[in-house]
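1. give me the fold of what follows.
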Amino acid sequence: MTIYQVDAFNNQLFKGNPAAVIPLTNWISDELMQAIAEENNLSETVYFVKKDKSYEIRWFTPTCEIDLCGHATLAAAHIIYSELNYAEKELIFNSKSGDLIVQKKIDWYTLNFPSEEITEIETPTILKTALNVPILKTLKGKWKMVAILENEDTVENLTPNFSKLCELKERGIIVTAKGKNVHFVSRFFAPKIGINEDPVTGSAHTLLIPYWAKKLNETNLNAVQLSKRRGILNCTYLKDRVEMSGQAITYLKGKLTLT
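-> Sure thing, here's the model as predicted:
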């Protein structure tokens, strides 16, 4: 099997979020896909299989399979276009989260994903302890929690207690605030699924884009994920769908030796 490593949501090497991309002609066992993901030790390893005019896609962290991943979908699209000679302007991935649409415009990829509804909840004591900064508001999605913080500096300088975050039932914790030079900034923590901090998280923006679009009364928003590697996203709110545009660059191409 051929394996690629792609830095997604940036156009510079060693920036954005790295994902392993493995094209398959037929699905291999779940156990083997999980073992490869654990060996890769990246936040995501993505697999896809071409079916007629679309692609089936699945994503694995080092510890489990997940239902949706933005940066690895972008990475997979980048490989399909740059290495597998895909010529159409749009491609469709069939996933556990429904159809995911990717359009290529020059060297930018636009992901069209379902938006996720969030509801306001009382801030859990564990979250207060884990973040140890003032939390203005707490929101909850399907498996992610969103903490609205005071400002960009608070988000960037945050040093969470990861063991405490693991005590929450939600698998992912998003912290976000209004940006200084962009509409909003964020960071994403998921120690419960083997990722203390994810550099750039497309799935988190399926919650963040609707929230900030309504909060700021804007349809088109620019966002930065403030990890050390930095992620840059151009976002559009389409009510039941959201769009995230980003770039990608290939870091590695190799062969897996499985004997």
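
2. I figured residue 70 was touching residue 244, is that so?
-> Yes - assessed by C-beta atoms under 8 Å, residue 70 is found in contact with residue 244 at 6.1 Å. Any C-beta I mention is one placed from the backbone N, CA and C, and that applies to glycine too.

3. so what sits against both of those two?
-> When contacts are counted by C-beta atoms under 8 Å, 6 or more residues apart in numbering, residue 70 and residue 244 have 111, 113, 202, 205 as shared neighbours.

4. out of the residues you listed, which are inside helices?
-> Residues of the shared contacts of residue 70 and residue 244 located in helices (DSSP state H): 202, 205.

5. helices or strands up against whichever strand or helix holds residue 174?
-> Residue 174 is part of strand 172-178 when elements are defined by DSSP states H and E. Using 3 or more C-beta pairs under 8 Å, 6 or more residues apart in numbering; DSSP states H and E as the contact criterion, the neighbours of strand 172-178 among helices and strands are helix 125-131, strand 144-149, helix 152-157, strand 184-190, helix 202-216.

6. what's near enough to touch residue 216?
-> Contacts for residue 216 were tallied using C-beta under 8 Å, 6+ apart; they are 178, 183-184.

7. can you do 10 Å?
-> Under the criterion of C-beta atoms under 10 Å, 6 or more residues apart in numbering, the neighbours of residue 216 are 178, 183-184, 237.

8. then residue 184?
-> Neighbours of residue 184 in contact, by C-beta under 10 Å, 6+ apart: 148, 152, 155, 176-178, 205, 208-209, 211-213, 215-216, 218, 221-225, 233, 235.

9. still on that earlier bit, what is the nearest of the contacts of residue 216 to residue 86?
-> For residue 86, the closest of the contacts of residue 216 turns out to be residue 237, at 27.8 Å, with distances computed as C-beta to C-beta.

10. neighbours of the residue nearest to the closest one when sequence neighbours are not counted, just the number please.
-> The spatial neighbour of residue 237 that comes closest, neighbours along the chain excluded (C-beta to C-beta, 6 or more residues apart in numbering), is residue 213 at 3.6 Å. Neighbour count of residue 213, defined by other C-beta atoms under 10 Å: 22.

11. roughly how far does the closest residue to residue 113 other than its chain neighbours sit from residue 233?
-> Closest residue in space to residue 113, ignoring its immediate chain neighbours: residue 206 at 5.3 Å, by C-beta to C-beta, 6+ apart. Counting by C-beta to C-beta, to the nearest Å, the gap from residue 206 to residue 233 is 12 Å.

12. which one of these two is surrounded by more residues?
-> Shown here are residue 206 and residue 233; by other C-beta under 10 Å, residue 233 has more neighbours (28 against 25).
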